[in-house]
Structure formats: C-alpha cells, structure tokens
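S.K.: Got a sequence here, can you model it:
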Amino acid sequence: MCDKPRCPWPKTDPLYCAYHDEEWGVPEFDSRALWEKFVLDGFQAGLSWITILRKRDAFRAAFAGFDPEKVARFDDRDIERLMNNAGIVRSRAKIIAAIDSARITLDMRDKGTSFTDFIWAIQDGKPQVNHYAWGQIPTETKTSQELAKLLKSKGYKFCGPVIVYAFMQAVGMVNDHTVTCFRHAEVAGLMKNS
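M.R.: Predicted coordinates:
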C-alpha cells in the first residue's frame, strides 16, 4: 500500500498511508467534517497525529459522531463518561474545550455564519497550492497565526498557530504534499475544482 512516492511522514504504517493517500490535503467544505477535524486536532496537542488517527473511531463513538447539536448538550455526566473512556485521549481540559467548541460553533451558525464559512473566509474560500520539498514545509504561517487569533477571539481552545496549520493542511486549505509526492498533483487538481 505504501509503494508510491509520497511524503515521508506516513512511513510504512498502512493506516497512516491510507490517511495520507485518501484524506490529507483534500479540500473539505462540510461544516460537520471540518468541526470534527478541528476537535481532533485539538486533542492532538502534545501528541502525534497517528495516536489520534488510531483512536478516531472511538472518538466518533464517544462524541456522538461529532454532531455539534448533540455534543453541545453534553453535561458533567458526559464529561465523566468521557474521562473514563480508555479509547480516547482522557484530558478533562480537551474534553471541555470540545463541548464548548460545539456550543460556540452552533452560536455562530445561529447568528448566520457556518463553521465552513468562518474557517475558509481567511482564504476567500480558495485552497492554496504550495510547492515544498521535504524539510521546507513550515509548522505555522501568517495565515495560521491570523486564523488562530480569530478562533481564540470566538472562545475556541487548543487552537494555537501550529495546531491550526496542521488543521489547514489536513482539510486542504493548503496543499503541503511535497512536490515529489504522487498526491501533490492529484490534490492540486481537486483544489482547482473546489
């Protein structure tokens, strides 16, 4: 499965390769899917993405399929249930941040701004194609710094500029597949059709 020229980071892990080959960098405009990825990136803070990826199904089950309507209604019993769930990252601060994030997202929506519109506005809804070699890819950019600041101004947590840039890469706001990776051209083509 990992026999094509690709970015070096998935190495030979089949799950990581599948994520790289099928999801990472593909422009995402669905608000629920964007919010799921945003929450998972928050849980990643201080950890590796493969750790979160391996727990993603457990996270989806624990967080009601990342339906913000349902997560926003979570209460203290749900927090304790999640703290006792060995299938996810059991950080009280991150769990509370995810619940608060659902409430913030719904409040924005109720005031006329979807999570998609809020996230993509920083780039006028247009993905950016980069042309990096391995070792040149930044960990944060001016845009990720600005988006992190906007997110924090709304009350979101675990959204520093490095986490936000990882999120931007994952949801295809930027194409950071290396120029030698077979997915660079494929994702660039998807971005033109976005």
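
S.K.: By average pLDDT, which secondary structure element in the protein comes out worst?
M.R.: Lowest by mean pLDDT, DSSP states H and E among the helices and strands of the chain is helix 182-192, with a mean of 89.

S.K.: With adjacent residues omitted, what lies nearest to Q123?
M.R.: In space, and not counting its chain neighbours, Q123 is closest to M173: 6.0 Å by CB to CB, 6 or more residues apart in numbering. In this view, the C-beta of every residue, glycine as well, is placed from N, C-alpha and C.

S.K.: mind listing what the one you found touches?
M.R.: The neighbours of M173, taking CB atoms under 8 Å, 6 or more residues apart in numbering as the test, are 27, 119-120, 123, 127-128, 167.

S.K.: One more: F158?
M.R.: Contacts of F158 (CB under 8 Å, 6+ apart): 41-43, 45, 93-94, 97.

S.K.: and the residue nearest the centre of the chain, what is it in contact with?
M.R.: Nearest residue to the geometric centre of the chain (CA atoms, centre = their mean): K37, 3.2 Å. Residues near K37 by CB under 8 Å, 6+ apart: 28, 167, 170-171.

S.K.: low-confidence ranges in the chain?
M.R.: 1-2, 193-194 (pLDDT under 70).
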